[in-house]
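1. sharing a model that was predicted from the sequence below.
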Amino acid sequence: MKIAALDIRACRHDSATIPGAAMRDGQTREGLEFLVYTMRTEDGRSASMFGFAGRSALGAAHQAAASLRPFLLGRDARDREAIWHDWRTADRWWHHLPIYTFGPVDCCLWLLAAEAAGEPLWRFIGGARAQVPAYASSLVLADAEAYAAEAVAVRDAGMKAYKIHPPGQLLAQDIEIHREVRAAVGDDFALMSDPVQPYTYDEALRLGRELERLGYLWLEEPLPDEAFGALRELTRALDIPVVGTEVLAKHPYSVAECIATRVVDAVRADPSWSGGVTGTLKTARLAEAFHVNCELHTTIFHPLEMVNLHLAGAIRNCSYFEVLWPMETFAFGLDRPLPIRDGIAHLPDTPGLGAALDWDMIDNATIERV
């Protein structure tokens, strides 16, 4: 099953608009940019997957093509482990690609193998469960009232939990948001907090204490993922679990110290930013050996979310399947909605991904084929 071609499309979906405040940088995003990778083999097989592209699909596509295409062509697509390790070495030699570049091609390798075996990806990896509870993650909203209203809508839609991404400008405002959301949904609905590293150590400690009082499940990324010393101290000081590592490069090696010395109480990984299915599995299995959860991180784009769902079906040490809210903003790229009913994500039983890509949408979104 030799790799004969790697096609990459730079794309922009103009129907999705995200306000600047939702991204904290003040820059409204008129359309979401992404890549679509298609891997073809000499025996006529193919697999495709979306890829994150930062703020420039054209830049990301040309960079990926220049590095990954010559590296992959002629390799046996079944040699996923060798390819993963060889790329780790090759990347050091003046490629230094962003953390989101390699993951989609690894996903393609796994999808080719699962389809050839006639198994859904999660069962090809090794099935652990056919259903996973799902939770909704907010964008950054205007005020406490907006968060409270959205949390109620999420609860009423049947989702099993809600995670707040607060504005992160003033600690007092963030605390008020967390209080208002708890008051709105009651004591029995699961809530999490993900401030995305805006705080000093003392501010993170103050928020953590308040979240403990309010009964939140976890505090995620209160400080930079690479701030091992401060995070380790914060983890020791708080009773609420501290969660992190989603933006560390070179999983699982960069995360090993976090797991072994409890820099955080639970780690994060995903097939987009953590080295594909292979890298995510390595991090999750390493965490499992230390009785640490690996809470899968949203991949934003729904085709990648399907890969994430398959991973959730093959990993026991993960509590939930995460999706960004409102889901409609990101509901493109597949020929069907994500299989979530009453807050439960259902694993597909058809070979490979279990859903087809929406090629009409992709064709309309394509800026350039690289």
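-> Perfect, thanks for sending it.
2. buried ones in the longest strand seen in the chain?
-> The longest strand of the chain (DSSP state E) is strand 3-18. Buried residues in strand 3-18, defined by neighbour count with 16 or more other C-beta atoms under 10 Å: Ile3, Ala4, Leu6, Ile8, Arg9, Ala10, Cys11, Arg12, His13, Ala16, Ile18. Using the backbone N, CA and C atoms, a C-beta is placed for each residue, glycine as well.
3. measure how buried the residue lying closest to Gly208 once chain neighbours are set aside is and give me the count.
-> Leaving aside its chain neighbours, Gly208 sits nearest to Leu238 (4.2 Å; criterion: C-beta to C-beta, 6 or more residues apart in numbering). A count of neighbours around Leu238, defined by other C-beta atoms under 10 Å, yields 19.
4. which residues touch Leu238?
-> Leu238 makes contact with Leu205, Gly208, Arg209, Glu212, Leu219, according to C-beta atoms under 8 Å, 6 or more residues apart in numbering.
5. for ChimeraX, write the select line for the buried members of those.
-> Only the buried entries of those go into this ChimeraX selection, using 16+ other C-beta under 10 Å:
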select :205,208,219
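6. restricted to helices, list the contacts of Leu238.
-> Leu205, Gly208, Arg209, Glu212 (DSSP state H).
7. may I see the residues you listed arranged in TSV, with distance to Asp188 and pLDDT as well?
-> Listed next are those as TSV, based on distance: C-beta to C-beta, whole Å; pLDDT from 0 to 100:
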residue	distance to Asp188	pLDDT
Leu205	27	99
Gly208	22	99
Arg209	22	99
Glu212	17	99
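8. quick one: Asp239 and Ser319, what's the gap?
-> 18 Å (C-beta to C-beta, to the nearest Å).
9. let me fix that, I meant to ask about Arg285.
-> Going from Arg285 to Ser319 by C-beta to C-beta gives 17 Å.
10. counting neighbours, go ahead and name the busier of these two.
-> Ranked by neighbour count (other C-beta under 10 Å), Arg285 and Ser319 place Ser319 first, with 20 against 13.
11. nearest residue to Asp349 in space, please, no chain neighbours.
-> Pro120 (5.8 Å).
12. wait, that neighbour sits on Ala355?
-> No. Using C-beta atoms under 8 Å, Pro120 is not in contact with Ala355; the gap is 10.5 Å.
13. these two: which is more packed in?
-> Pro120 (23 against 19).
14. list the contacts of that one.
-> By C-beta under 8 Å, 6+ apart, the contact list for Pro120 reads Ala114, His310, Leu347, Pro348, Asp349, Thr350, Pro351, Gly352, Gly354.
15. TSV please, covering those and showing pLDDT.
-> Converted to TSV, these look like this (pLDDT from 0 to 100):
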residue	pLDDT
Ala114	99
His310	99
Leu347	99
Pro348	98
Asp349	98
Thr350	98
Pro351	98
Gly352	99
Gly354	98
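16. between those, which has the most around it?
-> His310 (28 neighbours).
17. give me the element that one is part of.
-> His310 belongs to helix 302-314 when assigned by DSSP states H and E.
18. chain center to that helix: distance?
-> Taking C-alpha atoms, centre = their mean, to the nearest Å, the mean C-alpha location of helix 302-314 is offset from the chain mean by 9 Å.
19. start and end of stretch 234-243, how far apart?
-> 11 Å (C-alpha to C-alpha, to the nearest Å).
20. name the residues of stretch 322-342 that are buried.
-> Judged by neighbour count using 16+ other C-beta under 10 Å, the buried positions of stretch 322-342 are 322-325, 327, 329-334, 338-340.
21. show me how far it is from its chain's centre.
-> Here stretch 322-342 is found 14 Å from its chain centre; the criterion is C-alpha atoms, centre = their mean.
22. excluding residues flanking it in the chain, which one is nearest Leu248?
-> Ser254 (4.2 Å).
23. fine by me, we can end here.
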